[in-house]
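# Quick check, what structure comes out for this input:
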Amino acid sequence: MLYSRVFDSVIWGYTRLTGFIGSLSMKMGGMASHTGEGANPAVSSVMSNMVPVTSSGGSRCQLWHAERMTDLSTLRLSYTHGELRRADLNADPAQQFQSWLDAALRSGLREPYAMSLATADREGRPSVRTVLLRGIQDGGLTFFTNYESHKGHDLTDNPQAEVLFFWAEHERQVRAYGPVERLSSEDSAAYFHSRPRESQLAAHASDPQSAPVSNRAELETRLTALHERFAADQEVPCPEFWGGYRIQVQEWEFWQGRPNRMHDRFRYRRNDAGWHIDRLMP
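So this is what the prediction gives:
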């Protein structure tokens, strides 16, 4: 009985809302007829996508559901946040990247150190995923993962990668490409033990990473067993199958969105003298 009353209340509220939309559409249509203009496109779009839906449970009312059908080809922005000039660039691309990353952090952007990591297997089949940047050392970018994961196998067979940082709020992106090498086991262990204990245990539980698992319960059972295996005062060892990589960046690209797709793009390429900088066509 209670469920029936709640459902009827929801039906009543939804009916009032759709009635208001219909009334608004009629008013806008009337205004259009007086002004000689067509119907309001926003209202017309909503009303044209209304389809009848019969409520479950034999309700006395009939609902109308607005299907959202967005034409993605009509969506676009004009980038006006800033500009990037040759004179603005740091001679060291790692320093240039650090300045942009610092600006994103100061602005409170959510995880601006997240990067899309692209790898390819020995046949050249690409794959991409998001990982977290965990350091910038000697111009290289470091991240950590399971060596037996999909990306780990890719990097064993084809040790090169490209990463992309995209900061929509600043209308900026950075690409970085180069060969990849593993960090030392000491560096990997030092970072591993700086992580929250639950993350350390999860690294053990999720092995081999990217392998099929029958259900969530199996994963949770593994984690529970690890809690029992390692007492609260016992150090969780860094697994041999887990550690860090460093991308030794050979090429950087900095992109700043500009109006009318006339973007600013600059590429750094390493050479014997250091770094050569080119402005690229947008």
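# a helix runs through residue 98, doesn't it?
Yes: the assignment for residue 98 is a helix, going by DSSP: H, G, I helix; E, B strand; the rest coil.
# Who are the contact partners of it?
Going by C-beta atoms under 8 Å, 6 or more residues apart in numbering, residue 98 touches residue 136. For the C-beta atoms, the positions are set from N, CA and C on the backbone; glycine is no exception.
# who's in contact with the helix or strand where residue 200 lies?
In the assignment (DSSP states H and E), residue 200 maps to helix 197-205. Residues from elsewhere that reach helix 197-205 (C-beta under 8 Å, 6+ apart): 146, 192-193, 219, 222-223, 226-227, 230, 236, 238-239, 242.
# How far does that helix sit from its chain's centre?
Between the centre of helix 197-205 and the centre of its host chain there is 23 Å, according to C-alpha atoms, centre = their mean, to the nearest Å.
# could you give the mean pLDDT of that helix?
Mean pLDDT, helix 197-205: 93.
# can you give me the strands in this structure?
Taking DSSP state E as the criterion, the chain carries its strands at 50-54, 62-66, 114-120, 126-132, 135-137, 140-146, 160-167, 172-182, 242-248, 251-256, 264-271, 274-279.
# Out of those, the one nearest residue 94 is which?
strand 135-137 (6.0 Å; C-beta to C-beta).
# Could you measure from the residue lying closest to residue 99 once chain neighbours are set aside over to residue 75?
Distances taken as C-beta to C-beta, 6 or more residues apart in numbering put residue 90 closest to residue 99, at 6.7 Å, once the chain neighbours are dropped. Note on residue 90: its distance to residue 75, by C-beta to C-beta, to the nearest Å, is 34 Å.
# Pick out whichever of the two has more residues nearby.
residue 90 (15 against 7; other C-beta atoms under 10 Å).
# Just want to check the distance between the more buried one and residue 100.
Residue 90 is 10 Å from residue 100, by C-beta to C-beta.
# Same check on residue 256?
The value you get for residue 256 to residue 100, if C-beta to C-beta is used, is 9 Å.
# Which neighbours do these two have in common?
Applying C-beta under 8 Å, 6+ apart, one finds that residue 256 and residue 100 are jointly contacted by residue 172.
# can you pull the contacts of residue 243?
Contact analysis of residue 243 by C-beta under 8 Å, 6+ apart lists 144, 145, 147, 182, 183, 185, 188, 192.
# Surely residue 254 and residue 277 touch.
No: with contact defined as C-beta atoms under 8 Å, residue 254 does not reach residue 277; the gap is 9.7 Å.
# Mutual contacts of those two, please.
Joint contacts of residue 254 and residue 277 (C-beta under 8 Å, 6+ apart) are 89, 266.
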